[in-house]
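**Student:** With the input below, show me the fold.
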Amino acid sequence: MRVLGIDPGLTRCGVGVVDSTGPQKLALIAVGVIKTDVDASLDQRLLQLEKEISIWINKFKPDVIAVERVFSQLNVRTAMATGQAAGVALLLAAKAGIPVVMHTPSEVKAAVTGSGRADKKQVAQMVKRLLKLKEIPKPVDSTDALALAICHHWRGVGNARLATAKKKATKKR
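**Tutor:** Residues are numbered from 1 along each chain as shown. Predicted coordinates for the structure are as follows:
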């Protein structure tokens with residue numbers, strides 16, 4: 001399974017592609033950050049994100065797109081920008097017919113480090129270790145995107161199986 005992780009952001013949007021190469025074995029395919037011009041208008045910045053995320057989808061052909069769920073933040077302006085960037089990713093996934101899942105930051109931290117309260121350094125170290133990288137990808141947005149993809153590989157598959165089992169159990173009643 002190939003997962004495209006997207007850490008949405010209007011200024012910097014992290015993207016990372018991770019493949020499953022076997023049980024509990026993951027491989028980095030690509031990682032990067034999409035940057036938009038802070039001086040450009042909002043519509044132009046969203047258009048730039050749309051173009052760049054489309055390139056990642058078309059180039060890497062993910063089976064699933066994992067996006068960080070926008071969680072309430074103290075800074076409303078930041079939360080709005082993050083939500084707008086996430087909306088672009090969700091729309092592109094739907095247009096491409098690719099399943100999209102959303103994971104909360106604490107869910108990602110727990111999947112990658114074992115603790116939902118891990119800090120960014122701990123997450124980055126585990127991403128490096130799990131993907132057998134020589135160094136931590138920078139900036140942090142790219143590491144966060146890889147953590148999202150890893151989270152989906154480990155949690156998403158199990159969650160999908162549970163949902164399928166629940167549907168089957170409901171139909172039998």
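**Student:** which residues are in contact with stretch 94-111?
**Tutor:** With Cβ atoms under 8 Å, 6 or more residues apart in numbering as the test, stretch 94-111 has contacts from 57, 62-69, 71, 86, 89-90, 93, 115-118, 122-123, 144, 147-148, 150-152, 154-156. Every C-beta, even on glycine, is put in place using the N, C-alpha and C of the backbone.
**Student:** Repeat the analysis, applying 7 Å as the threshold.
**Tutor:** Residues outside stretch 94-111 that contact it (Cβ atoms under 7 Å, 6 or more residues apart in numbering): 57, 62, 64-69, 71, 90, 93, 115-118, 123, 147-148, 150-152, 154-156.
**Student:** Give me the distance from it to the chain's centre.
**Tutor:** Distance of stretch 94-111 from the chain centroid (Cα atoms, centre = their mean, to the nearest Å) equals 6 Å.
**Student:** Check which residues of the helix or strand that R77 is a member of are buried.
**Tutor:** Per DSSP states H and E: R77 is located in helix 76-96. Across helix 76-96, burial judged by 16 or more other Cβ atoms under 10 Å covers A81, T82, Q84, A85, A86, V88, A89, L90, L92, A93.
**Student:** so which of those comes closest to G16?
**Tutor:** Within those, the smallest distance to G16 is 12.8 Å, found for A89 (Cβ to Cβ).
**Student:** buried sites along the helix or strand containing V31?
**Tutor:** Using DSSP H and E, V31 falls within strand 25-35. Buried residues in strand 25-35, counted by 16+ other Cβ under 10 Å: L26, L28, I29, V31, G32, V33, I34, K35.
**Student:** Thank you, goodbye.
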